[in-house]
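Student: Dropping a prediction and its sequence here:
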Amino acid sequence: MPIYEYRCNKCDHKFEMFQSIGASNESLNCPNCNEPKPDRIFSVFGSASGGDSAFSGGGCSPSSPFS
């Protein structure tokens, strides 16, 4: 289940909710002031991986079967 970020229209409080993909804000209330229908906002996310990266010379090369 993805985590969606919301911001309250009344008090500007930001919060996160676990929701199914495509869920709406219709049934949500701000946990701070109880205002209905907060705005969904875009989240910044990061990812990490082990091993070589494309920046350090790793990644796909012309001889790679995946290129």
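Tutor: Great, that's in hand.
Student: Tell me which residues touch P31, please.
Tutor: Shown in contact with P31 (CB atoms under 8 Å, 6 or more residues apart in numbering): 13, 15. (Glycine included, C-beta is placed from N, CA and C.)
Student: can you rerun that using 6 Å?
Tutor: F15 (CB atoms under 6 Å, 6 or more residues apart in numbering).
Student: How about K14?
Tutor: Per CB under 6 Å, 6+ apart, neighbours of K14: R7.
Student: Just the pLDDT at R40, thanks.
Tutor: pLDDT, R40: 93.
Student: so it, which of the three states?
Tutor: strand (DSSP: H, G, I helix; E, B strand; the rest coil).
Student: same thing with A48?
Tutor: Applying three-state DSSP: A48 is coil.
Student: That one: neighbour count?
Tutor: 5 (other CB atoms under 10 Å).
Student: Could you do C8 as well?
Tutor: 21.
Student: I'd guessed it sits against N34; true?
Tutor: No: counting by CB atoms under 6 Å, C8 stays clear of N34, with 9.3 Å between them.
Student: Skip the chain neighbours and tell me the closest residue to K37.
Tutor: N25 (5.1 Å; CB to CB, 6 or more residues apart in numbering).
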